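Q: Starting from these lines, generate the structure:
(one chain, ligands or ions: 1)
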Amino acid sequence: MVIKIAVVGAAGRMGQIMVQGLSEYDDLSIVTVVDVLEVPGATNWVTSVTDLSANDVDVVVDFSSAAGATATLRWCAVNGVAAVIGATGLSPEQVRSAVDENANVVLAANFSIGAILAERFAAQAAPYFERVEIIEMHHDQKRDAPSGTSLATASAMAVARRAAQVSTNPDPTVSLVLEGARGALGEGDIPIHSVRLPGLVAHQEVIFGRPGEGLTIRHDSYDRSSFVSGVALAVRSVRNRPGLTVGLDELI
Ligand code: NAD
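A: Next up is the predicted model:
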């Protein structure tokens, strides 16, 4: 049976790629696109999720903004429609408070398969290295920093370290010549440094150090099509997953 999808944020960079990419699968159909801005070429465009008809939509895919995704989650919860949320800037706690516990929601800061594997490998390595820092690099239109992916990566590494009862070495810095020079601290006090430049898409390096050796795990999304297959996977799974699923990790 074909899964009927509404894409929120359809006029944006990610939304346009999702509309085009998801339409190419035989088992998925984009029935409506939602955006406050006009979606070029769309005949089935509405400006708000509240204009959707719950009978016509099986899954809402949201790549709008944190505020847009909050509205999507509320509409989906009230109308019993599953949601796949790609918009970043919302914590799992904020998502939980927007929906009831039975709502079917997949929330992922990164839908690229390579990025999920990179996060998994970083968590595997984390207990073996005293120090680790993250550099995340994105295009110059990204509104939130640090990236949701870097926060999720720090969290996965902190969890792995706690499970192995390993703690990180303290930061040696005693004097900050410039405030912020050591980045922001993610979970487990892991420093995260954000770079924003034109020409980039989404890139991340996790740099580990221990005496006499280093390890770098790097992932690059060169093009936004890297996110489509992960979203398709989430769309196919979300209706069978009551409650909130955070991250693609459980789906691959
Ligand atoms: P963008 O600014 O190009 O597009 C966002 C679109 O959403 C715009 O067209 C805007 O008009 C629309 N929008 C915003 N609020 C809305 C609302 N309340 N209702 C309807 N439409 C609304 O941004 P982008 O680069 O496409 O990124 C969109 C989101 O996806 C960001 O949060 C970004 O961080 C996230 N993102 C997630 C992944 C992932 O794999 N999870 C990958 C890349 C980007």
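
Q: Please identify which helix or strand holds H219.
A: Element membership of H219 [criterion: DSSP states H and E] is strand 213-221.

Q: List the strands paired with that strand, with their directions.
A: Looking at strand 213-221 with DSSP bridges, its paired strands and their directions are strand 202-210 (antiparallel).

Q: I'd like to know which residues of the protein are adjacent to the ligand.
A: If contacts are counted using CB under 6 Å from any ligand atom, the residues of the chain sitting beside the ligand are 8-9, 11-15, 34-37, 63-65, 67-68, 71, 86-89, 108-111, 227. Where C-beta positions appear, they are placed from N, C-alpha and C, glycine not excepted.

Q: Need the buried ones from those selected in ChimeraX.
A: What follows is the ChimeraX syntax selecting those of the residues of the chain next to the ligand that are buried according to 16 or more other CB atoms under 10 Å:
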select :8,9,11,12,14,15,34,35,63,64,65,68,71,86,87,88,89,108,109,110,111,227
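
Q: Which of the residues of the chain next to the ligand fall within strands?
A: Using DSSP state E, the members of those that fall in strands are V8, V34.

Q: Take the residues of the chain next to the ligand and keep only those in helices.
A: Secondary structure assignment (DSSP state H) places R13, M14, G15, A67, G68, A71 from the residues of the chain next to the ligand within helices.

Q: nearest to P127, of the residues you listed?
A: The shortest separation between P127 and any of those is 33.9 Å, and it belongs to M14 (by CB to CB).

Q: check contacts around that closest one.
A: Under the criterion of CB atoms under 8 Å, 6 or more residues apart in numbering, the contact partners of M14 comprise F63, G86, R224, F227.

Q: among the residues you listed, which two are most distant?
A: Among the contacts of M14, G86 and R224 lie farthest apart (CB to CB), at 10.7 Å.

Q: Angles on the backbone of K4, please.
A: According to degrees, to the nearest 10, the main-chain angles of K4 amount to phi -90, psi 130.

Q: what bridges to it?
A: Bridge pairing for K4 (DSSP bridges) gives the partners S29.

Q: quick one: least confident helix or strand in the chain?
A: Lowest on mean pLDDT, DSSP states H and E among the helices and strands of the chain sits helix 92-98, with a mean of 82.

Q: Now do the residue in the chain positioned nearest to the ligand against V34, distance only.
A: Proximity to the ligand, evaluated over the chain using CB to the nearest ligand atom, is greatest for G12 at 1.9 Å. From G12 over to V34 the distance is 11 Å, taken as CB to CB, to the nearest Å.

Q: so who does the residue lying closest to A118 once chain neighbours are set aside touch?
A: Spatially, and ignoring its direct neighbours in sequence, A118 is nearest to H219 (3.9 Å; CB to CB, 6 or more residues apart in numbering). With contacts taken as CB under 8 Å, 6+ apart, H219 has the following neighbours: S112, G114, A115, L117, A118, H203, Q204.
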